[in-house]
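Q: My questions are about this predicted structure, shown below with the sequence.
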2 protein chains.
Amino acid sequence: MPQAAAIHSLPLAPLSDDKAVELAEMFRLLGDPSRLRIVIETLNGPQSVGDIAATLGLSPSLVSHHLRLLRAARLLSPERRGKQIFYRLHDAHIAHVIADMVAHVNEDNANEDSHDEIEP
Amino acid sequence: MPQAAAIHSLPLAPLSDDKAVELAEMFRLLGDPSRLRIVIETLNGPQSVGDIAATLGLSPSLVSHHLRLLRAARLLSPERRGKQIFYRLHDAHIAHVIADMVAHVNEDNANEDSHDEIEP
DNA sequence: CTAACATGTGAACACCTGTTCATATGTAAG
DNA sequence: CTTACATATGAACAGGTGTTCACATGTTAG
């Protein structure tokens, strides 16, 4: 099965170094469970800070701290509606990123062999 | 432009909590510049530890430390070839994840307005 | 066998980061 | 105006993490 050739078929190779740092910053923000759950929560549509805090069982203060980072990185965008502020995904790429990573984890759990070793 | 509706069109909503933690772990690994550059390097095909270290200007020891985490998370797979060990992407999803995140960053740099504020 | 090379591993250190708490800002209602 | 609610912010602490260094393991060549 010549699957290896297909894996490296995407031509996003060049990718300057400082761009890699900017990319890593985005991944780092999604790398925290609380923050990732906040982002995932917004996949259902715009959510207010209080709703997110209540749904995830986190303090509003903590949620606000995380939201600050997420909107600074333009992963989420705020939108005031009365007293509350709703956050939504900044663009559709974020949803794709998460969907692809879900696919990776699911496929990985399917093949529960070849953990770490180097072919026995 | 009714773009907002399209953003939340992906139905990956449910997503259990411990699954979110597993996902975050993957993103966290890509959240370090050195580690991300290592993964990006493997987009050009299998790379030996020494080649990666030389290309990225990192010590072989550091590269080996990072590779341990990356293969434990099954992001990269090792393959012995003579004295050296080559690492390749474990599956194609990783490339898609990176490609989508690149698209996000690029689109973000294009619209250099609306940094953080809440619509003035 | 030994020597040379490639990779892995463990400890130690400095640094960063997530969380909590108290407090501040801002907004709407009475 | 004052009161109550929603969100934001700053300081401070505990715990985690990337990097370096010295050394171990494993593989091939002679």
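A: Nice, I can see it. Residues are numbered from 1 along each chain as shown, chains lettered A, B, ... in the order given.
Q: Strands along chain A, start to end?
A: Taking DSSP state E as the criterion, chain A contains strands spanning A:47-48, A:76-81, A:84-89.
Q: could those strands go into TSV alongside mean neighbour count?
A: All C-beta spots, glycine's among them, are computed from the backbone N, C-alpha and C. Below are these laid out as TSV (neighbours: other Cβ atoms under 10 Å in any protein chain shown):
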stretch	mean neighbour count
strand A:47-48	20
strand A:76-81	16
strand A:84-89	18
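Q: any idea how far residue A:50 is from DNA strand C?
A: 11 Å (Cβ to the nearest atom of the strand, to the nearest Å).
Q: That residue: how many residues sit nearby?
A: Residue A:50 has 13 neighbours, counted by other Cβ atoms under 10 Å in any protein chain shown.
Q: Then residue A:24?
A: 21.
Q: With residue A:66 instead?
A: Residue A:66, neighbours per other Cβ under 10 Å, totals 21.
Q: ok, and the closest non-adjacent residue to it?
A: Excluding the flanking residues, the one nearest residue A:66 by Cβ to Cβ, 6 or more residues apart in numbering or on different chains is residue A:35, at 4.8 Å.
Q: Out of the strands of chain A, flag the one nearest residue B:95.
A: With Cβ to Cβ as the criterion, residue B:95 lies closest to strand A:84-89 of those, at 22.2 Å.
Q: Just the CA atoms from the closest one would do, formatted as CSV, please.
A: Output of strand A:84-89 as CSV, limited to C-alpha atoms (Å, rounded to 0.1, in the frame of the first residue of the first chain):
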residue,chain,number,x,y,z
GLN,A,84,-23.4,40.0,28.2
ILE,A,85,-20.6,39.4,25.7
PHE,A,86,-20.8,36.6,23.2
TYR,A,87,-17.8,34.9,21.7
ARG,A,88,-17.8,33.2,18.3
LEU,A,89,-15.2,31.5,16.1
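Q: what about that strand, near DNA strand C?
A: No: counting by Cβ under 7 Å from any atom of the strand, no contacts exist between strand A:84-89 and DNA strand C, the nearest distance being 8.8 Å.
Q: Check the offset of that strand from the chain's centre.
A: The chain centre lies 17 Å from the centre of strand A:84-89; the measure is Cα atoms, centre = their mean, to the nearest Å.
Q: sorry, back to before: what would the strands of chain A look like in JSON lines with mean pLDDT and distance to chain B?
A: As requested, the strands of chain A are exported to JSON lines (pLDDT from 0 to 100; distance: least, Cβ to the nearest Cβ, whole Å):
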{"stretch": "strand A:47-48", "mean pLDDT": "98", "distance to chain B": "11"}
{"stretch": "strand A:76-81", "mean pLDDT": "97", "distance to chain B": "5"}
{"stretch": "strand A:84-89", "mean pLDDT": "98", "distance to chain B": "5"}
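Q: May I see those strands arranged in JSON lines, with distance to residue B:44 as well?
A: Below are the strands of chain A laid out as JSON lines (distance: least, Cβ to Cβ, whole Å):
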{"stretch": "strand A:47-48", "distance to residue B:44": "40"}
{"stretch": "strand A:76-81", "distance to residue B:44": "33"}
{"stretch": "strand A:84-89", "distance to residue B:44": "31"}
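Q: what about the ones you listed, which gets the closest to residue B:20?
A: strand A:47-48 (15.3 Å).
Q: So in that sheet, which strands flank the closest one, and in what orientation?
A: Here strand A:47-48 has these sheet partners by DSSP bridges: strand A:84-89 (antiparallel).
Q: And the contacts of the strand it pairs with?
A: For strand A:84-89, contacts defined as Cβ atoms under 8 Å, 6 or more residues apart in numbering or on different chains pick out A:38-39, A:42-43, A:45-50, A:52, A:67, A:70-71, A:75-80, A:95, B:4, B:7-8, B:118.
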